[in-house]
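Visitor: Coordinates for the following, if possible.
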Amino acid sequence: MLLQGYPNLEYIVLDGGSSDNTVEIVKRYAAWLVHWVSEPDLGQSDAINKGFQRAKGEILAWLNADDIYCPRAVRIEVDFLNTHPDVSVVYGGASLIDRDGRIVCPMRREDFSVARCLVGWLTCTGDWGITRPGLQLPVC
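Guide: Residues are numbered from 1 along each chain as shown. Predicted structure coming up:
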């Protein structure tokens, strides 16, 4: 995330009380974080909602611990939102990658549908996640 090439990013890390070495890794990056905490939560959706509540930016996004953004993805998506004020959500494709970052399987991207989203449709949560706060879609 730190190398996305986009200024003024607000980094918030919410760890659900991991028992691995997550806290040690987060501490190494603490200087770049606005906030971080490691405590039990009610799962991924709870953590995302807590992060969105704490965020102060005009555009919000999330990234799960085992996901990565492609280089410049944030800049491309934010630039698109800034030039298309009528758009509330942007998302791209996703790929399964191996430990070395090699693409194992590209995922099929579907057109966005609020109705499908509200009943749990997502090809994978890492393939979208930049939104304007006013959209008011719950992460559930």
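
Visitor: Tell me the secondary structure at the closest residue to residue 103 other than its chain neighbours.
Guide: Leaving aside its sequence neighbours, residue 103 sits nearest to residue 95 (CB to CB, 6 or more residues apart in numbering; 4.6 Å). All C-beta atoms are positioned from the backbone trio N, CA, C, and that covers glycine. Following DSSP: H, G, I helix; E, B strand; the rest coil, we place residue 95 in the strand state.

Visitor: my read: residue 5 touches residue 76, true?
Guide: No - contact criterion CB atoms under 8 Å: residue 5 and residue 76 do not qualify, at 9.7 Å.

Visitor: More neighbours: those two, which one.
Guide: Applying other CB atoms under 10 Å to residue 5 and residue 76 shows that residue 76 carries more neighbours, namely 18 against 11.

Visitor: In a helix, the more buried one, correct?
Guide: Yes - judged by three-state DSSP, residue 76 forms part of a helix.

Visitor: The chain should start at 8 in everything you say after this.
Guide: Noted, 8 is the first residue going forward, which turns the last one into residue 83.

Visitor: pLDDT wise, what is it at?
Guide: pLDDT, residue 83: 86.
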